[in-house]
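> Pasting a predicted model and its sequence here:
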Amino acid sequence: MQLPEDVLAEILLPTQELRADLPFYTKTLGMRLETIFPADDPSVASFSGHGIRLRIERGADVAPGHLRILTDDPDSFANGQRHLTAPNGTKIEIVPRSPQVDQPVTQHEFAVRRLADEAPWVIGRAGMHYRDLIPSRLGGSIIASHIRIPDGGPVPDMVHYHTVGFQLIYCYRGWVDVLYEDQGDVIRLQAGDCVTQPPGIRHRVVEASPAIEVIEIGVPAEHVTTIDHEMTLPNGRGDPAREWEGQKFVHHVKKEAAWQPFRIPGFVARDTGITAGTKGVAGIQVVRFDGGTPPPSKHDADIHFSFVMEGSMVLSAEGQADRKLQAGDAFVIPPGMVAQYRDCSPDLELLEAGLRGDFATTLLA
C-alpha cells in the first residue's frame, strides 16, 4: 500500500531540558526548527533535516537513540567531529554517504574445504543457497561462495550494485541470464563462462537453469549491496572502454578461449583476461591437467584460492598432511608455502584466483 504524500513520520526522542537541545540540533547539526510548544515553557519541538524529522519531548519515556548522518563531506560537517552526544543524550555519528571499501589485512593460512565434509548451505539473497568455501575468510579479506539455485526459472532479483574491491561470478554448472549496466541485452553465462562485477556496476540476475551453480569471489569479505530503485536494465550498450573505479567489465566466454601453458608445468590454462581488465587487482585462470608430474612451487600472491571443478588430485604442502581433493573442494595456499599438485586425474580442472593477479611463481623442481 502506498501512503499519501502528506503523511509524515517523526522519530521521538526524550529530553530533560529542551532549551539546551535547541542550539545543538539547529546550529551544530544544521536542522530546521519546525514546531515548538507551549510558548511559555517549551517542552516539545520538531526538527527536520538530513532526510529525517525529529520530535524532542520533555519526559518522553523512550531511549535517547543513535542517529547516523550521512554526508559526502564528513570533514566539513559539525566541525569535522565524527561522534557527538546531544544534550538530551542522543548519540550522533557522522559517516560518509557512500559506503567505503575497507580492505582488511590478510590473515594468511593454509586451508582446505571439502564438499564431503557437508558444510551447511544457507539461504541468502533472492532465495539463493550459499556454501562458504573459506570459513575464516582470511581475516575478512575475501569471501568465496559456492552458490546454487535448486529450482531454476526467474530469479526475484532487483537492480543493485556492490561496494567491493573485486568480484567474480563464474558459472560452474548450468546457465544463468544476467543484465549489466551499459552491456546491452541479457548475457547468458554458460558453464565455464565468467564475468567480473566492477565496483558500482548495476546488475540483476534474470533467470537460471535448474540446478544452476556458480562460484562467487568477493574482496573484501564484507561488502555493502545497494539497491538502485531508479535504474532499469537493460539500459543500452555503453562505452566498451568504460571503467568503474579503474576496472572494466570483463566477460569471458569458454568456447572462445585458447589454452596456453600454465605457470606450473604439467598444466594448461585459459586466461580470462581479468588481470588486464582489473589492471592487476586480480587474476582468474581455468587450469587443466596436461600430463606428467607437476613440480613443487611457491608463490608471492597475497591471496591464492583454488576450486576443484572436475577430477581429483592430492595436494601436498610443507608442514601439512596430504589432502585428497575432488570436485567441489577448495583450498588456499599462503604466500611462500611450498606446495605440489600430485596424482592428478586426467580430467582435473581447477578455477584459480590470485590477488594480485600479477603475482610471481617460483618452481622448485
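Alright, I've got the coordinates.
> rest of the way, CA atoms for contacts and neighbours
OK.
> Okay, now the unreliable bits of the stretch 201-350 of the chain?
Counting by pLDDT under 70, not a single residue of the stretch 201-350 of the chain qualifies.
> And the strands in it?
Taking DSSP state E, counting those that start in this stretch, the strands of the stretch 201-350 of the chain run over residues 203-208, 212-219, 224-227, 251-252, 260-261, 267-271, 283-289, 297-299, 303-310, 312-317, 323-326, 330-332, 339-342, 349-355.
> and of those strands, who's closest to residue 145?
Set against residue 145 and scored by C-alpha to C-alpha, those come closest in strand 212-219, at 5.2 Å.
> Would you mind pulling up the elements that the closest one packs against?
Secondary-structure packing of strand 212-219 (3 or more C-alpha pairs under 8 Å, 6 or more residues apart in numbering; DSSP states H and E): strand 143-149, strand 166-173.
> Show me the one of those that comes nearest residue 329.
Residue 329 lies closest, by C-alpha to C-alpha, to one member of the helices and strands packed on strand 212-219: strand 143-149, at 10.1 Å.
> now what about that closest one, what contacts it?
By C-alpha atoms under 8 Å, 6 or more residues apart in numbering, the residues outside strand 143-149 that reach it are 127-134, 137, 208, 210-222.
> now do stretch 270-287
With contacts defined as C-alpha under 8 Å, 6+ apart, stretch 270-287 is touched by 166, 194, 196, 246-250, 252, 257-260, 262, 267-269, 349-358.
> Emit the ChimeraX select command for whichever of the residues you listed are buried.
Provided next is the ChimeraX selection string for whichever of those are buried by 16 or more other C-alpha atoms under 10 Å:
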select :166,194,196,247,248,249,250,252,262,267,268,269,349,350,351,352,353,354,355,356,357,358
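> ok, longest helix in this protein?
Counting residues, the longest helix in the chain under DSSP state H turns out to be helix 18-23.
> what's the least confident stretch among the helices and strands packed on strand 212-219?
Ranked by mean pLDDT, the helices and strands packed on strand 212-219 end with strand 143-149 at the bottom, a mean of 92.
> List the neighbouring strands of that strand plus their orientation.
Paired neighbours of strand 143-149 in the sheet (DSSP bridges): strand 129-132 (antiparallel), strand 212-219 (antiparallel).
> Need the winner for burial among those.
Comparing the strands paired with strand 143-149 by mean neighbour count (mean count of other C-alpha atoms under 10 Å), strand 212-219 ranks first with a mean of 22.
> tell me the contacts of residue 192?
The contact partners of residue 192, taken as C-alpha under 8 Å, 6+ apart, are 170, 171, 172, 173, 253, 254.
> could the strands paired with strand 143-149 be laid out in TSV, adding distance to residue 113?
Formatted as TSV, the strands paired with strand 143-149 follow (distance: least, C-alpha to C-alpha, whole Å):
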stretch	distance to residue 113
strand 129-132	9
strand 212-219	14
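> Those strands: which one's closest to residue 40?
Taking C-alpha to C-alpha, strand 212-219 is the member of the strands paired with strand 143-149 nearest to residue 40, at 58.2 Å.
> Run through who's touching that closest one.
Residues from elsewhere that reach strand 212-219 (C-alpha under 8 Å, 6+ apart): 103, 141-150, 152, 164-176.
> Just the CA trace of it, in PDB.
In PDB, the C-alpha atoms belonging to strand 212-219 read as follows (Å, rounded to 0.1, in the frame of the first residue of the first chain):
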ATOM      1  CA  ILE A 212      22.500 -23.800 -11.600                       C
ATOM      2  CA  GLU A 213      25.700 -23.500  -9.600                       C
ATOM      3  CA  VAL A 214      28.100 -20.600  -9.600                       C
ATOM      4  CA  ILE A 215      31.300 -19.700  -7.800                       C
ATOM      5  CA  GLU A 216      31.400 -16.100  -6.500                       C
ATOM      6  CA  ILE A 217      34.500 -14.400  -5.200                       C
ATOM      7  CA  GLY A 218      34.400 -11.000  -3.400                       C
ATOM      8  CA  VAL A 219      37.100  -8.800  -1.900                       C
END
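> That strand to strand 166-173, inter-axis angle?
Relative orientation of strand 212-219 versus strand 166-173 (axes from the mean of the first three to the mean of the last three C-alpha atoms, to 10 degrees): 160 degrees.
> Okay, strands next: where are they in the stretch 1-150 of the chain?
11-15, 32-37, 44-49, 52-58, 66-71, 83-85, 91-96, 111-113, 122-123, 129-132, 143-149.
> looking at those, which has the lowest confidence?
Mean pLDDT values for those show the minimum at strand 122-123, a mean of 77.
> how far is that one from where the chain is centred?
On the basis of C-alpha atoms, centre = their mean, to the nearest Å, strand 122-123 sits 17 Å off its chain's mean C-alpha point.
> quick one: strands adjacent to that strand?
According to DSSP bridges, strand 122-123 has these partners: strand 129-132 (antiparallel).
> ok, and what's touching the partner strand?
By C-alpha under 8 Å, 6+ apart, the list of residues contacting strand 129-132 reads 119-124, 143-149.
> Name the next helix or strand following the helix or strand hosting residue 188 along the chain.
Per DSSP states H and E, residue 188 falls inside strand 187-190. Once the chain leaves strand 187-190, the next helix or strand it forms, by DSSP H and E, is strand 194-196.
> Paired strands for that next one, with orientation please.
Sheet pairing for strand 194-196, using DSSP bridges, gives strand 166-173 (antiparallel), strand 251-252 (antiparallel).
> Pop the domain breakdown of this structure in here.
Per automatic domain parsing, the structural domains of the chain span 11-96, 111-251, 256-363.
> And the longest one, end to end?
Translated: domain 111-251. When the termini of domain 111-251 are compared using C-alpha to C-alpha, to the nearest Å, they are 29 Å apart.
> re earlier: please convert the helices and strands packed on strand 212-219 to a markdown table, extending it with distance to residue 47.
Output for the helices and strands packed on strand 212-219, formatted as a markdown table (distance: least, C-alpha to C-alpha, whole Å):
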| stretch | distance to residue 47 |
| --- | --- |
| strand 143-149 | 42 |
| strand 166-173 | 41 |
